[in-house]
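Peer 1: My questions concern the predicted model and sequence given below.
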Amino acid sequence: MAQKIVTVYTDDLTGAESDEVQTHTFSLDGVSYEIDLISDNYDKLFEALAPFIDKGRKTGRVSKQGKARKAPADGPSSEELRAWARENNYQVSERGRVPAAIHEAYRNAH
């Protein structure tokens, strides 16, 4: 059986389908937005924002890096895991990520 996957690009503003649709990002009041627009609608967005962009102050580019992951609130901290591992004769480094095998051993013991 053959399968064909078709990607349809749609303008979020008008619903028009086009190969020219591009994704654009912008931020307002600390909230980042992403919208897919054809070039004509992007021009409209840019024209609407232009007076505010001209008078606004640049604060730098927004980083595309994700936020650092945090350990689940209900689990032990890395320090607690390291201490438990050492007490139970596991080798564990002083820094860096605690291996999954130690997480699993800890869960099995508790």
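Peer 2: On my side now, so go ahead. Residues are numbered from 1 along each chain as shown.

Peer 1: Tell me where the chain has helices.
Peer 2: Taking DSSP state H as the criterion, the chain contains helices spanning 39-55, 78-87, 100-109.

Peer 1: highest average neighbour count across these?
Peer 2: Across the helices of the chain, the average number of neighbours (mean count of other C-beta atoms under 10 Å) peaks for helix 78-87, which reaches a mean of 14. For glycine as for every other residue, the C-beta is placed from the backbone atoms N, C-alpha and C.

Peer 1: any residues touching it, and which ones?
Peer 2: For helix 78-87, contacts defined as C-beta atoms under 8 Å, 6 or more residues apart in numbering pick out 71, 76, 91-92, 94, 98, 102-103, 105-106, 109.

Peer 1: Swap in 6 Å and give it another go.
Peer 2: Under the contact criterion C-beta atoms under 6 Å, 6 or more residues apart in numbering, helix 78-87 has outside partners 92, 98, 102, 106.

Peer 1: swap in stretch 23-36?
Peer 2: 12, 21, 37, 42.

Peer 1: got JSON lines for those residues, with pLDDT too?
Peer 2: Output for these, formatted as JSON lines (pLDDT from 0 to 100):
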{"residue": "12", "pLDDT": "95"}
{"residue": "21", "pLDDT": "92"}
{"residue": "37", "pLDDT": "94"}
{"residue": "42", "pLDDT": "94"}
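
Peer 1: ChimeraX command to pick out the buried ones of the residues you listed?
Peer 2: Buried residues within the contacts of stretch 23-36, by 16 or more other C-beta atoms under 10 Å, are selected in ChimeraX with:
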select :21,37,42
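
Peer 1: The contacts of stretch 23-36: which two are farthest apart?
Peer 2: The distance between the two most remote of the contacts of stretch 23-36 (C-beta to C-beta) is 10.9 Å, for 12 and 42.

Peer 1: Out of the contacts of helix 78-87, the closest to residue 55 would be?
Peer 2: For the contacts of helix 78-87, the nearest to residue 55 is residue 98 (49.9 Å; C-beta to C-beta).

Peer 1: For the closest one, the count of nearby residues, please.
Peer 2: If you count neighbours by other C-beta atoms under 10 Å, residue 98 ends up with 21.
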